[in-house]
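S.K.: Take a look and give me a structure for this.
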Amino acid sequence: MRDKSKTNLWFVYIRYNDLSYNMAEKMSELNKTQQAKSEALRDAMADKFDENETREFASKHQNKHWYSDFILLYRMITDDNFKMSNKSRLIIAGTLAYVVMPVDVIPDFIPVVGWLDDIFIIGLAIKTLSNEIEAFKQYGTR
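M.R.: Here you go, the predicted structure:
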């Protein structure tokens, strides 16, 4: 009787480890798929960055309260002498491209509400890049 219970426990232990391994493997595959999709979206947004279009967009919106943050990001990405990571460059390029593009989550032609997603994206980028922004501000005062 004792040998049978040991065998059952051993079987449960092996089955549990097998299920855990399979689950971890599936989660890893899912994470890789999600990461690949995320990177593809980020790269697509970065590819849409157009310096001239961004400059023109900024000149039209100088009276907006988010204008200074937008210009700060623009200056960071166009300053060839300021060193920052490629990830930071992609975040900035994606943010600027999203704001400049007329088609986004909430279309810009809808009064007031149309700019909420753009302001959110700029704010998120500013928060994410806070260390780089401080470094850029110090770089600018040298």
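
S.K.: use CA for all of it now, contacts and neighbours both
M.R.: Will do.

S.K.: And the helices in the chain, which stretches?
M.R.: Assigned by DSSP state H, the helices in the chain fall at 2-47, 51-60, 67-78, 86-100, 116-128, 130-140.

S.K.: of all the ones you listed, which has the lowest average per-residue confidence?
M.R.: Ranked by mean pLDDT, these bottom out at helix 2-47, which scores a mean of 60.

S.K.: domain parsing for the chain?
M.R.: 1-47, 50-140 (automatic domain parsing).

S.K.: Report the separation between G123 and K32.
M.R.: Noted for G123: a distance of 28 Å to K32, by CA to CA, to the nearest Å.

S.K.: So for those two, which residue has more residues nearby?
M.R.: The residue with more neighbours, out of G123 and K32, is G123; 16 against 12, by other CA atoms under 10 Å.

S.K.: Contact partners for T78?
M.R.: Residues counted as contacts of T78 (CA atoms under 8 Å, 6 or more residues apart in numbering): none.

S.K.: Relative to S130, how far out is it?
M.R.: Distance from T78 to S130, by CA to CA: 18 Å.
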